[in-house]
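Q: Quick one, what's the 3D model for this:
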Amino acid sequence: MNVGASNIITDARAALQRRDGASARRLLAELPDDVMPWLLLAQSCNLLGDTPAEEAALQRQLELEPRNLSALILSGELKARSGDDRAANSFFQAALNQAARTPNVPTALHPMLHRARNFVGQVQVKFEQHLLDGLEQAGLDRAGRVGTAVDLLLGRKQLYLQQPSSFYFPGLPQRQFYERYEFSWLAEIENAVPEMQAELREVLADGNDFAPYVEANGERPRAANPLINDPKWGAFYFWRNGQIVPENAARCPVTMTALESAPMPHIDQRSPIALWSLLKPDTHIQPHHGLLNTRLICHIPLVIPSDCAIRVGNETRAWREGEALIFDDSFEHEAWNKSGETRVILLFEIWRPEISLEERAALTSIFETINDYHGAPENAG
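A: As a prediction, the model looks like this:
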């Protein structure tokens, strides 16, 4: 840029500071396009109320720099003044996205970004009301997957996907919870709940804590779990790492018989796993992911105080005594007991129903071969 052009731009900027749009535009008109400061020209046109020329200047700037933060904000403000909320929202959202990726955003742009953020929020409220009114007029039921899709669209729920910490099997449905009626064999286990509760009461009468659900292993790095070695989250195993725990099984024959109904995996050093999972008052199991997405976790609630629940992905459910709860623990999940009493469930794993018998056999071979080299994966909760 030559000295003459630089001086013109300096003088035009000074005119804009005096809010003298006419002088700024007259000065800038002397410059060729290849050195034109399009943002300054847009600002001078704005002061003069020449919206078409302002828009043309902003478009030229965005042709040169598609993610120019100032040009995106000014374009949004122009569209908002024109009453085109959709276009304004698009420019403002692009500006906010760019600002989030830009280190050290100039202080002068902060108030403009604040206005942009408020505008986007207002448009979202209008859109949400428009959508919900339309669904109501159409008589659409917002339960189930339709409701979840709408909630995801509106940002009311976060999208979660399977993220097992050890092994991922592709092609399985992304379902957080399964329903009791989908498993005919569950009725036999639920019918045994009163007798299983009696066995539980007899064991609890000993007054001994259950072993911690997550235990440190000196041969492995310590798990990053705040409840490690803590009996507030306790476990009383019937099957552990594929082996029956004889002394516990002998004390609870009804529970062991009930478990025979479940399609539990049988994998050397890994499965079955079945236990009473105990959660003491005011205990929170932090968000985490399970090892595999090839299984589902079944909970049979035996002792359920109020204010106890589990979140799997973006859905939270409370346990109901005697009614099975089935979920995919490869989604992020957490659980809590905010009551003053202890919660106890029967927990066991089953094969996912979508996995064929041939695939189950193949997966069993894969897991057992992995075990031969690495050993079974550590349970970190």
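
Q: show me where the chain has strands.
A: 177-178, 211-212, 233-240, 243-244, 274-279, 283-288, 295-303, 308-312, 315-317, 325-327, 333-337, 343-351 (DSSP state E).

Q: partners of the fourth one, with directions?
A: If I follow you right, that is strand 243-244. Here strand 243-244 is paired, per DSSP bridges, with strand 233-240 (antiparallel).

Q: Distance to N68, mean neighbour count and mean pLDDT added to the strands of the chain, as TSV?
A: (C-beta placed from N, C-alpha, C; glycine too.) Listed next are those as TSV, based on distance: least, C-beta to C-beta, whole Å; neighbours: other C-beta atoms under 10 Å; pLDDT from 0 to 100:
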stretch	distance to N68	mean neighbour count	mean pLDDT
strand 177-178	46	18	97
strand 211-212	56	17	90
strand 233-240	53	21	95
strand 243-244	65	13	94
strand 274-279	54	23	96
strand 283-288	39	16	94
strand 295-303	50	22	97
strand 308-312	42	20	97
strand 315-317	41	14	95
strand 325-327	47	20	97
strand 333-337	42	20	96
strand 343-351	54	23	97
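
Q: out of those strands, which comes closest to R81?
A: Of all the strands of the chain, strand 315-317 sits nearest to R81, with 42.4 Å by C-beta to C-beta.

Q: now this protein, which segments are flagged as low pLDDT?
A: Along the chain, the parts satisfying pLDDT under 70 run over 1, 3, 218-223, 374-381.

Q: Show me how it divides into domains.
A: Segmentation of the chain into domains, based on automatic domain parsing, reads 3-127, 177-374.

Q: can those go into a markdown table with extra columns for distance to V150?
A: Output for those, formatted as a markdown table (distance: least, C-beta to C-beta, whole Å):
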| stretch | distance to V150 |
| --- | --- |
| domain 3-127 | 12 |
| domain 177-374 | 13 |
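
Q: Next up, the contacts around Y168.
A: Q162, N293, S330 (C-beta atoms under 8 Å, 6 or more residues apart in numbering).

Q: Skipping its backbone neighbours, what lies nearest the second one in space?
A: In space, not counting the residues next to it along the chain, N293 is nearest to S330; the distance is 3.8 Å by C-beta to C-beta, 6 or more residues apart in numbering.

Q: and if you look at L140?
A: V146 (6.7 Å).

Q: where along the protein do the helices fall?
A: Per DSSP state H, the chain carries helices over the ranges 3-17, 21-28, 38-48, 51-64, 69-81, 85-101, 110-137, 144-153, 186-191, 193-204, 246-251, 253-259, 357-374.

Q: out of those helices, nearest to E315?
A: Between E315 and the helices of the chain, the shortest gap by C-beta to C-beta is with helix 144-153, which sits at 8.0 Å.

Q: same for that closest one, what does it pack against?
A: helix 110-137 (3 or more C-beta pairs under 8 Å, 6 or more residues apart in numbering; DSSP states H and E).

Q: Now the helix it packs on: buried residues?
A: Judged by neighbour count using 16 or more other C-beta atoms under 10 Å, the buried positions of helix 110-137 are M112, L113, A116, F119, V120, V123.

Q: cool, and stretch 174-184?
A: R175, Q176, Y178, F183.

Q: Between the domains of the chain, which one is closest to L152.
A: So among the domains of the chain, domain 177-374 is nearest, using C-beta to C-beta, at 7.9 Å.

Q: can you pick the most crowded of the contacts of Y168?
A: S330 (30 neighbours; other C-beta atoms under 10 Å).
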